[in-house]
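Provided below are the primary sequence and the corresponding predicted coordinates.
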Amino acid sequence: MRWEGRRESTNVEDRRGMSSRMVVGGGIGTLLLAALIYFMGGDPRVVLNQAGPTPSSTQSAEYRPSPEEQKLASFVKVVVASNEDVWGRVYAAQGKPYRNPQLVLYSGQVASACGMASAAMGPFYCPGDQKLYLDLNYLGKMEQQLRSNVSFKKAGDFALAYIVAHEFGHHIQTLMGISDALNKWRQQMDARSFNQRQVRFELQADCLAGVWAHDAEKSSPGLLEIGDIENAIKVANVVGDDRIQGQLQGRVRPDTFTHGTSEQRMSWFYQGYRSGSGNLGACNTFQLPDPQF
C-alpha cells in the first residue's frame, strides 16, 4: 500500500504502556475462559461480548515504542481513516446517520466494555463501547503461533489492513443492527445452530472488508498496489477455522467453527471486493442455505 503521507485518523485512544485491572465483576475469569476458547480454536468474543460494562482503573507506565512500532501505528491510523472515509460516504449517500468507532491501541491486555482481553486473542471490536482494540505486536505473535508458511510480514502491510477492515466491518454490523440480532440468536438457539450464525456473521465482516478495499481503490487512486488484494486473500486463507484447528489441535471440528473455512473467508472477502458499496446486498451471508454459504 502507498499509505505514507495520507490522512491519519485522530479518533484514537493510545493505551500502550497503561496497565488495566478489574474493579468489579469476574474479569479475570472471563479472560481465562476466553483464552481457553481461543486456543481450542474457538472465538473468544463469544465470551467477551456477553460481559457487561467493566469498570477499571488505569495507571500510566513508562512506555517507549520503537520507531518501527510508531510507523506501524501510523499505518493503522491511515487504514482506519480510509475506512472512516469509505463508510462515511456510504451512509451519507443513503441519508443515514453514521458514527465512527474509536481505535484503541494497547499492549499486553486491555479492559473494554466487553470485559478484559489479552493481546494473544488478536484484534477485536466491542459493540458495547463501539471501539476497535489492537495490539500492534499481534501479527508477529500469530505468525509464530500458527507456524504458517505464509508470512504475515512478507504478505505486506495490506495483510494488517485486511484485519483492521474486518474489525471495522463489525462496527458496520453494529450500526446495521446485526450485532444485536446475533446476541438474540445466542440466547434463543442451541450451540450448533448458533455456531452457524456466528460463522455467517464473521464471513459478512470479511465481505465488508472487501467492500472497503473496492471503494478505497476507487476513491483513493494509488493507495492499493498490485498484489495487495492477492495478499489479503492469502491471509484469509491462513486464518480459516479449518486451518487453525488443524495446526493447533491436529484435527478439524466443523461444528465448532466460528469464522468459516479458509475457502469461505477468501471467497467472501473477494465477493465484497467485486461488488463494492454499490451492492451491499451481495454481503448478505444470512440469506444462503447452509451448504452454500
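Received it, and whenever you're ready, just let me know what you need. Worth saying up front: this structure is predicted, and the values here are computed from it rather than measured.

check for me that Leu132 belongs to a helix.
No - per DSSP: H, G, I helix; E, B strand; the rest coil, Leu132 lies outside any helix segment and is strand.

my read: it touches His171, true?
Yes - using C-beta atoms under 8 Å, Leu132 is in contact with His171, at 6.8 Å. For glycine as for every other residue, the C-beta is placed from the backbone atoms N, C-alpha and C.

which neighbours do these two have in common?
101, 125 (C-beta atoms under 8 Å, 6 or more residues apart in numbering).

what is the burial count for Asn83?
28 (other C-beta atoms under 10 Å).

I misspoke; the intended subject was Glu13.
Residues near Glu13, counting by other C-beta under 10 Å: 12.

can you tell me the SS state at Arg64?
Classification of Arg64 by three-state DSSP places it in coil.

ramachandran angles for Gln102?
Phi and psi for Gln102, reported as degrees, to the nearest 10, are phi -100, psi 140.

ok, what's across the strand from it?
Lys131 (DSSP bridges).

ok so Val104 is a helix residue?
No - counting by three-state DSSP, Val104 is located in no helix; its state is strand.

please name every helix or strand in contact with whichever strand or helix holds Gly210.
Here Gly210 sits within helix 191-219, counting by DSSP states H and E. Applying 3 or more C-beta pairs under 8 Å, 6 or more residues apart in numbering; DSSP states H and E, one finds that helix 191-219 makes contact with helix 67-94, helix 158-175, helix 178-188, helix 228-238, helix 262-275.

same thing but at 10 Å, please
helix 45-48, helix 67-94, helix 158-175, helix 178-188, helix 228-238, helix 262-275 (3 or more C-beta pairs under 10 Å, 6 or more residues apart in numbering; DSSP states H and E).

got these as a markdown table, with distance to Arg200 and mean pLDDT columns?
Formatted as a markdown table, the helices and strands packed on helix 191-219 follow (distance: least, C-beta to C-beta, whole Å; pLDDT from 0 to 100):
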| stretch | distance to Arg200 | mean pLDDT |
| --- | --- | --- |
| helix 45-48 | 14 | 50 |
| helix 67-94 | 21 | 93 |
| helix 158-175 | 11 | 91 |
| helix 178-188 | 9 | 90 |
| helix 228-238 | 16 | 70 |
| helix 262-275 | 10 | 88 |
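
most packed of the ones you listed?
helix 158-175 (a mean of 24; mean count of other C-beta atoms under 10 Å).

quick one, the helix holding Gly210 and helix 158-175 angle?
Interaxial angle of helix 191-219 relative to helix 158-175 (axes from the mean of the first three to the mean of the last three C-alpha atoms, to 10 degrees): 110 degrees.

and the angle from helix 191-219 to helix 262-275?
40 degrees.

spatially nearest residue to Trp185 (excluding sequence neighbours)?
Arg197 (4.9 Å; C-beta to C-beta, 6 or more residues apart in numbering).

tell me, how many residues neighbour that neighbour?
17.

how close does it sit to Ile229?
28 Å (C-beta to C-beta, to the nearest Å).

try Asp129
Taken as C-beta to C-beta, the span from Asp129 to Ile229 is 32 Å.

check Glu84 too.
In terms of C-beta to C-beta, Glu84 sits 21 Å off from Ile229.

what do you get for Met189?
Distance of Met189 to Ile229, given as C-beta to C-beta: 35 Å.

same check on Ile163?
Taken as C-beta to C-beta, the span from Ile163 to Ile229 is 14 Å.

was I right to think Leu72 contacts Ala159?
No - Leu72 lies out of contact with Ala159 (C-beta atoms under 10 Å); the separation is 11.9 Å.

how about the residue nearest to Trp185, what does it touch?
Under the criterion of C-beta atoms under 10 Å, 6 or more residues apart in numbering, the contact list for Arg197 reads 181-182, 185-186, 188-189, 285-286.

what's around Gln287, how many residues?
9.

please, which helix or strand holds it?
Going by DSSP H and E, Gln287 is not part of any helix or strand.

what's the average pLDDT for stretch 196-203?
Confidence for stretch 196-203, expressed as mean pLDDT, is 90.

could you dump it to PDB, C-alpha only?
Taking Å, rounded to 0.1, in the frame of the first residue of the first chain, the C-alpha atoms of stretch 196-203 are listed here in PDB:
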ATOM      1  CA  GLN A 196     -23.600 -21.400  12.100                       C
ATOM      2  CA  ARG A 197     -25.000 -17.900  12.600                       C
ATOM      3  CA  GLN A 198     -21.600 -16.900  14.200                       C
ATOM      4  CA  VAL A 199     -19.800 -18.100  11.100                       C
ATOM      5  CA  ARG A 200     -22.100 -16.200   8.800                       C
ATOM      6  CA  PHE A 201     -21.600 -13.100  11.000                       C
ATOM      7  CA  GLU A 202     -17.800 -13.300  10.600                       C
ATOM      8  CA  LEU A 203     -17.900 -14.000   6.900                       C
END
